[in-house]
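*Asks:* have a look at this fold, sequence not included:
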């Protein structure tokens, strides 16, 4: 991946280059009204892999060898593609162990684009979308005296990194009853769509008094006007209520869905491979798949505009991008999952192995980071150097953004 600058020689990580080159991010820190979490996540990403986040020193165990190595700590943040790779692998492995080996189905729950800005300026509403989407599935299963398993993820972006909030759900195509038996179940797409539309509309109507509206909606001065607006959104060509909800074909296992969602939940919404060098760094070309044509297209943006599109998708601190329902819900999974596996005639999944730095290095670089490059002996831990405290790191966000070399 070519860096965003025309400079030769040292090339930082593509995502770091996007923020660090040309002083664009530093300028935004000084002049733009950024959210606190945006400053924290990006500052930690720029400091990732540098002594600012602490380091550990290793030396060769061979007494005749003088080789030593310093390994800098990572940021473990959602804004970092490198740390996101490890978090993604770990989450997928955990989900594979958590999910029973049974057919599943994936669905996407969208809303009219006229409602997207409401959730952007009122981010506290986003957490409710999970339950609003899962509601009809759980209700239909309960009417059949079944408990199904559901996991869902929130996406806030489209292919061009525009704000587009929607929910992805995956559910088992069967459930367990009170007698411990597993029964198949399917869901009526039109009914699920209608319930999703009704749920979101009623939710927005209930929140009228607490909402912040953009200037484009300033004409909505009272509840009656707000109600007319909400109920009028999402009409098709015939003037009928229609919100797009998509059901994929059932699969033998939720493995593919978990891998798909994992790619986006633990990492930034764009990979370095999607950034194309354009004209010395002031312009950036974004490559994306256009669903309307089925072909790849490109979008040219200024470096500043691309950064602003990226950071708006950083979730608020402690916001859970993944939620679980039914027998996968955190409060009951320990009790219910063994019963589900028993009903399906399956053994408990083996414990998930932790993804380590050494494992990633072996897999991606084909090198053992704890093997001496001079004599081949084992590298052993010597000492650790403390990291800069988070509040101090954030206080120095601008100098960090202007660092000449960020690896």
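*Replies:* In hand now; what should we look at? Computed from a predicted structure; not experimentally measured.

*Asks:* rest of the way, CA atoms for contacts and neighbours
*Replies:* Will do.

*Asks:* break the chain into its domains for me.
*Replies:* 14-77+357-401, 101-269+313-344 (automatic domain parsing).

*Asks:* residue contacts, the nearest residue to residue 101 once chain neighbours are set aside?
*Replies:* Closest residue in space to residue 101, ignoring its immediate chain neighbours: residue 253 at 6.0 Å, by Cα to Cα, 6 or more residues apart in numbering. Residue 253 sits next to 101, 102, 103, 104 when contact means Cα atoms under 8 Å, 6 or more residues apart in numbering.

*Asks:* what about burial for those, which qualify?
*Replies:* Buried by 16 or more other Cα atoms under 10 Å: 101, 103, 104, out of the contacts of residue 253.

*Asks:* ok, the second one - contacts?
*Replies:* Residue 103 is in contact with 172, 173, 174, 250, 251, 252, 253, 254, counting by Cα under 8 Å, 6+ apart.

*Asks:* could you check how far it is from residue 250?
*Replies:* 6 Å (Cα to Cα, to the nearest Å).

*Asks:* overlap in contacts of the two?
*Replies:* With Cα under 8 Å, 6+ apart as the test, residue 103 and residue 250 both reach residue 173.

*Asks:* re the thing from before, got the buried ones among the contacts of residue 253 as CSV, with secondary structure and pLDDT columns?
*Replies:* As requested, the buried ones among the contacts of residue 253 are arranged in CSV below (DSSP: H, G, I helix; E, B strand; the rest coil; pLDDT from 0 to 100):
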residue, secondary structure, pLDDT
101, coil, 89
103, coil, 92
104, strand, 93
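
*Asks:* which one of the residues you listed is nearest residue 147?
*Replies:* residue 104 (13.9 Å; Cα to Cα).

*Asks:* what lies in contact with stretch 328-345?
*Replies:* Counting by Cα under 8 Å, 6+ apart, 100, 149-151, 176, 180-182, 323-324, 327, 347-348 sit against stretch 328-345.

*Asks:* mind doing that once more with 6 Å?
*Replies:* Stretch 328-345 is touched from outside by 149, 181, 182, 327, with contacts defined as Cα atoms under 6 Å, 6 or more residues apart in numbering.

*Asks:* leaving out chain neighbours, which residue sits closest to the second one?
*Replies:* What it means is residue 181. residue 343 (5.6 Å).

*Asks:* for whichever strand or helix holds the one you found, the distance to its chain's centre please.
*Replies:* Taking DSSP states H and E as the criterion, residue 343 maps to helix 333-344. Relative to its parent chain, helix 333-344 has a centroid offset of 28 Å by Cα atoms, centre = their mean, to the nearest Å.
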